[in-house]
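Visitor: what shape does this take:
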Amino acid sequence: MGGSSRVQNAVVVVTAVLVVLGMNVDGFSTELIPRHSPASPFYNPSRSQYEHLQDAIERSRKRVNHFENKLEAPLSPGGIEYLMRISIGTPPVEFVAIADTGSDLTWTQCLPCTQCYKQNFPIYDPRRSSSYKTISCKADVCFDLQSISSGCDRNNSTCEYLYGYADNSRTQGTLSTESITIGGTVIRNNIFGCSHLSTGTFPSTASGIIGLGAGKLSLVSQLGESGRKFSYCLAPYSSKSTTRISFGSDALLSGVSTPIQSDPAFDAFYFLSLESLSVGSKTIPLPSSNGVIRGGGGNIVIDSGTTVTFLPQETLLRLVSALEEAIRVPKTTDPTSTFSLCYRVEGESEFPNVTADFKGARVVLRPVNTFVEVADGVVCLAVLPTQRVSVFGNIAQTNFLVGYDLDARAVTFKPTDCTKAN
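Guide: Residues are numbered from 1 along each chain as shown. Next up, the predicted model:
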């Protein structure tokens, strides 16, 4: 399972917010790579842009299905859409990490393996790093992880965890600290999981997961004095452009702001309150609660790991109706049988904006946020129905500078040309 020691690159999955406990770092930034970009190790040049999109939509469906069926667990590790380069250990070994916003534990497969899934790159060996340390099971942090279980190993010494995902994938190992390098900045004593047993849907191109969620042990939560915040700017899906993700004092929080709504049971997720959608003079109110979060008031999850947006069936039907009245372009059927509202476009075609009124923040969604090209000359409304949990996907977030501030408990949106945000 180890592979050649000459190979320096590996892939780790990133799935939630960055937590820093006792770490003294300032701000830092790194490249954010779309999964379907030629710069990504997941890129398949034999598939067209439209086939890459269909793959992403299928991953979104599975991700939201897992979300609905088992919200108390982090999302499926297979639903990964963005990557970032990091290094781990001393001396540092570089990884390409998948950045996501749906889990709170950063972990990688570690030698020796009890049962490791097959990966394309060498497995990290903590015995070769001078900065690796295990965490005592007596430490409070051992019980901060939202896991299936955590506690003492057989020797009543180190902190062991069993971490589960909504699709029943699991990883088990030792909670530890290590130096992580991101964008040239070394983050020392970062708490992460050193997994020796992992089963489920983990892709062979990934050697673990980096948590960017809102839980106590996510990478962002550990940023401490530099500010528990991060921001990113996603380029339109068709551009395949890499952009930037920034943390701590480098994070840019600007524009309108809406509060993060939370429930301790779902601490890894970013719930927002979406009050209504508008097309012209037609306003479509959303249910004030999703029936999931208790008392927090949130009704939609903002998630970079889901490509399209998911809304309640009744809300989607009313949105489709309002758009049909406003658009003067010939309708057509979706050749992929995915979306309910599609148009055939030739040259310049005008489509209306959709205004999303979050609590305290009006966000104007341009056509690039609401429609996506699924075939030559065919664009469709990039929204699918959901029965339980609404999701504000990454297409809806494109060309916005999106900022997350865990201390202020807020998410910000500022219209930005993200193809020029490097």
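Visitor: where does this protein dip in pLDDT?
Guide: For the chain, the stretches flagged by pLDDT under 70 are 1-25, 66-79, 146-147, 166, 263-266, 289-297, 422.
Visitor: so Asp405 sits against Tyr270, correct?
Guide: No. Between Asp405 and Tyr270 there is no contact under C-beta atoms under 8 Å: 11.1 Å. Every residue, glycine included, has its C-beta placed from N, CA and C.
Visitor: out of these two, which sits in the busier spot?
Guide: Neighbour tally, Asp405 and Tyr270, criterion other C-beta atoms under 10 Å: the higher count belongs to Tyr270, 25 against 19.
Visitor: what are the phi and psi angles of Ala97?
Guide: phi -100, psi 140 (degrees, to the nearest 10).
Visitor: that one contacts Arg85, correct?
Guide: Yes. The criterion here is C-beta under 8 Å, and Ala97 meets it with Arg85 at 7.0 Å.
Visitor: burial count for Gly360?
Guide: Gly360 has 12 nearby residues by other C-beta under 10 Å.
Visitor: which strand of the protein spans the most residues?
Guide: strand 185-199 (DSSP state E).
Visitor: which other helices and strands contact that one?
Guide: When contacts are defined as 3 or more C-beta pairs under 8 Å, 6 or more residues apart in numbering; DSSP states H and E, strand 185-199 packs onto strand 19-20, strand 107-109, strand 170-182, strand 220-223.
Visitor: for these, which one sits closest to Ile209?
Guide: strand 107-109 (5.7 Å; C-beta to C-beta).
Visitor: only the buried residues of that closest one, if you could.
Guide: Trp107, Thr108, Gln109 (16 or more other C-beta atoms under 10 Å).
Visitor: need phi/psi at the closest residue in space to Arg344 that isn't next to it in sequence.
Guide: Nearest non-adjacent residue to Arg344, counting by C-beta to C-beta, 6 or more residues apart in numbering: Thr332, 4.4 Å away. Thr332 adopts backbone torsions of phi -150, psi 170, taken as degrees, to the nearest 10.
Visitor: distance of Thr332 from Asp376?
Guide: The gap separating Thr332 from Asp376 is 12 Å, by C-beta to C-beta, to the nearest Å.
Visitor: who has more neighbours, these two?
Guide: Using other C-beta under 10 Å as the criterion, Thr332 and Asp376 rank with Thr332 on top: 16 against 9.
Visitor: list the contacts for the more buried one?
Guide: Cys342, Tyr343, Arg344, Val378 (C-beta atoms under 8 Å, 6 or more residues apart in numbering).
Visitor: who does it bridge with?
Guide: Beta-bridge partners recorded for Thr332 (DSSP bridges): Cys342.
Visitor: got the buried residues for the longest helix that the chain contains?
Guide: The helix spanning the most residues in the chain, taking DSSP state H as the definition, is helix 49-69. Buried residues in helix 49-69, counting neighbours by 16+ other C-beta under 10 Å, are found at 50, 52-53, 55-57, 59-68.
Visitor: joint contacts of Asp405 and Tyr270?
Guide: Joint contacts of Asp405 and Tyr270 (C-beta under 8 Å, 6+ apart) are Val411.
Visitor: of Ala97 and Arg85, which one has the most company?
Guide: More crowded of Ala97 and Arg85, by other C-beta under 10 Å: Ala97, with 33 against 18.
Visitor: what domains does the record give for the protein?
Guide: As given by automatic domain parsing, the domain ranges for the chain are 10-248, 253-420.
Visitor: pull the distance from the first one to the chain's centre.
Guide: Looking back up the chat, that one is domain 10-248. The chain centroid and the centroid of domain 10-248 are separated by 10 Å under C-alpha atoms, centre = their mean, to the nearest Å.
Visitor: run through the helices of the stretch 301-422 of the chain in chain order.
Guide: Using DSSP state H, counting those that start in this stretch, the helices of the stretch 301-422 of the chain run over 313-326, 367-370, 394-397.
Visitor: which of those sits most buried?
Guide: helix 394-397 (a mean of 24; mean count of other C-beta atoms under 10 Å).
Visitor: for Val320, give its distance to Leu384.
Guide: 12 Å.
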